[in-house]
Every structure is written in C-alpha cells, then in structure tokens.
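*Asks:* build me a structure from this.
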Amino acid sequence: MKGVRMKMEQKYNKLVGSSIAGMVYMCKHLVLEPWKQIIKHLKALALDVPVSGCNLGPVHKQDVMKATAILKRKEEYVAILAFDVKVMPEAFELAAESGVKIFMADTVYKLVDSFTDHINKLKEEMKKQCAADAVFPCTLRILPNRVYHSKDPVVCDVEVLEGIVKVGTPICVCVQSKDSSADVIHALGRISSMKTSNGMQINSASNGVVSLKISGENPHERSRVYGRHFNSDNELLSQISRKSIDVLKEYYRDEMSDENWQLIRRLKKQLGIP
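*Replies:* Here you go, the predicted model:
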C-alpha cells in the first residue's frame, strides 16, 4: 500500500507546475482523476505562487510546519488544500497560530471555489495597497498656446497621444542635452488634477485633449519651468519605474492592453530602466 501511495504522489508531483498555489493534500482514494481536476482549476488561476508538493491522507501538524517553512516567497498565499481528508486538531491549532490557511471540501469545485475567493480577496487588498505605485504608461503633447501656468504647479492643456493618463501619475520630460550626448530627464511632479475641455473633473483619459495640473513634490521638481527647462517640442511622459512595472504585472494586467505594454517597453528604454 505504501509503495502504491508513493507512486501516486510521484505522478501528482509531475503534473504540478511552478505557477499554481499552495500545499495540496489529496484524498485517500488512490485515483488520479481528482488530482488532475484540481490542478487544472488551479493553473487556470494563473497565480505566480510556488507549489511544495502533495501528500495522501490526513493533514498533520508537520504538514503545516512544512508549509510555513517552504513557502516564504509569498507568505500571503500559504495554503493547504485538503480534498476529502481529515485535518488533525493539532494541525488546525498550528495553522491558526502561523497564518496558514486550510481549505477543506469533499468536492473539487467547492475546494477550488473557496480557495479562489480567498485569493481574489487577497489580490484586491494588495492592489489597493499598491495603487500609489501603479504608474500607467502615457505620452502627452503640450499644446503650446495653452500653457496657463509655466512653473509649479504647471497648468496646461495636453493631447493624449498614447496610453492612459491618470490623476496621481508622475510626469517627466526627456530633453536633449546641450552637447547632444544624452537626454536629460526632468521630473516635474505628479498630476494633481485633470479636467476635460468643458471643465469637468476626471480621474483618467486615454485620448483627446485634457487640462492638467502638475504639482512638484520636492524642491527639484518645483524648480522646473516651462520655457526654460522644457517646451512644447518635448513630450510629457509618465515616469515609470522598475517597481511600477512590477506592480502593473502583478495586479493590473486586466487593465493593460498590448499597446500599453509596448509603450512600457519603449519608455523603459527611453528612461534607462533595466
């Protein structure tokens, strides 16, 4: 019996990829089909969370200890999926102390649904926490005769050329240096307000002409002046960073188009982001 169990566990581990979540414990029944169903549903979640493996039979205290020790990269996703098996009292106790979530069900769909709900709530919470770091890509053209305030806060009308411009987006310009050796990047601040042509306050725009107020956040940004450090020949760019790109990949993929990712790649090169 033990040899059969080991063979089934080995078959299961061959099915598991590195992009589904949790510590998964299967039923005592030595059949492969339930495992395949759970793996299929978990992979469909497309979560970048490591899998430590599987076991057969009840969930014991040492199983919870293994979960806390192995899954360090994304501790918020540490979980044990117990399909039609018993969870021992000491395992429940340690899980409550260590923060390991245990999901139990006697059907594949109930198990996967409860785990999916948990992950979605976690992702929404993390998304809210990272909102300030989510810088969407955009390029903007300054309308030269519609610059209303040339220094901090810079107020002007712009045409949205590419991407998505949002309130809170950090803005910069790339200006060719005097010796033409390289571009100089001037950070201007963040968009503190945005209006349509008829004066309505908005939070984002992906096309057309909008009026922006760009407020500096430090002495350097507040010292930048339109007409001295940059002009209408210089496109305004969202000042993305390595961190902002990672946040978009992790939490905002559903809001990013292929064109936006192409713009990200171009801005990375332009701004010298590795």
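*Asks:* give me the below-cutoff pLDDT ranges for the stretch 51-200 of the chain.
*Replies:* For the stretch 51-200 of the chain, residues meeting the criterion pLDDT under 70 lie at 51-56, 70-77, 180-181.
*Asks:* the same query, at a cut-off of 80, please.
*Replies:* By pLDDT under 80, the low-scoring segments of the stretch 51-200 of the chain are 51-57, 67-78, 84, 108, 177-182.
*Asks:* strands of that one, start to end?
*Replies:* Along the stretch 51-200 of the chain, the segments classed as strands by DSSP state E, counting those that start in this stretch run 51-56, 79-83, 101-105, 138-149, 154-163, 165-166, 170-176, 183-195.
*Asks:* give me the angle between the biggest helix by length in the chain and strand 101-105.
*Replies:* Longest helix of the chain, by residue count under DSSP state H: helix 108-129. Interaxial angle, helix 108-129 versus strand 101-105 (axes from the mean of the first three to the mean of the last three C-alpha atoms, to 10 degrees): 150 degrees.
*Asks:* buried sites along helix 108-129?
*Replies:* 108, 111, 112, 115, 116, 118, 119, 123 (16 or more other C-beta atoms under 10 Å). To be clear about C-beta, it is placed using only N, CA and C from the backbone, and glycine gets the same treatment.
*Asks:* taking these, tell me the two that lie furthest apart.
*Replies:* Checking the buried residues of helix 108-129 against each other with C-beta to C-beta, the farthest-apart pair comes out as 108 and 123, at 21.9 Å.
*Asks:* mind telling me what element residue 267 is part of?
*Replies:* helix 258-271 (DSSP states H and E).
*Asks:* so what does that helix touch, helix or strand wise?
*Replies:* strand 154-163, strand 170-176, strand 236-238, helix 242-251 (3 or more C-beta pairs under 8 Å, 6 or more residues apart in numbering; DSSP states H and E).
*Asks:* list the buried ones in stretch 94-111?
*Replies:* Neighbour-count burial for stretch 94-111 flags 94, 95, 100, 101, 102, 103, 104, 105, 108, 111 (criterion: 16+ other C-beta under 10 Å).
*Asks:* oh, I was asking about stretch 137-146
*Replies:* Using 16+ other C-beta under 10 Å as the test for burial, stretch 137-146 gives 137, 138, 139, 140, 141, 142.
*Asks:* who touches that stretch?
*Replies:* If you take C-beta atoms under 8 Å, 6 or more residues apart in numbering as the criterion, stretch 137-146 is touched by 156-165, 169, 171, 209, 211-212, 226, 231-232, 234-238, 240, 260, 263-264, 267.
*Asks:* cutoff 6 Å now
*Replies:* Residues outside stretch 137-146 that contact it (C-beta atoms under 6 Å, 6 or more residues apart in numbering) are 156-165, 232, 235-238, 260, 263-264, 267.
*Asks:* give me the buried entries from these.
*Replies:* 156-158, 160, 162-165, 232, 235-238, 260, 263-264, 267.
*Asks:* domains of the protein?
*Replies:* Domain segmentation of the chain under automatic domain parsing yields 2-128, 133-271.
*Asks:* distance of residue 84 from residue 58?
*Replies:* 11 Å (C-beta to C-beta, to the nearest Å).
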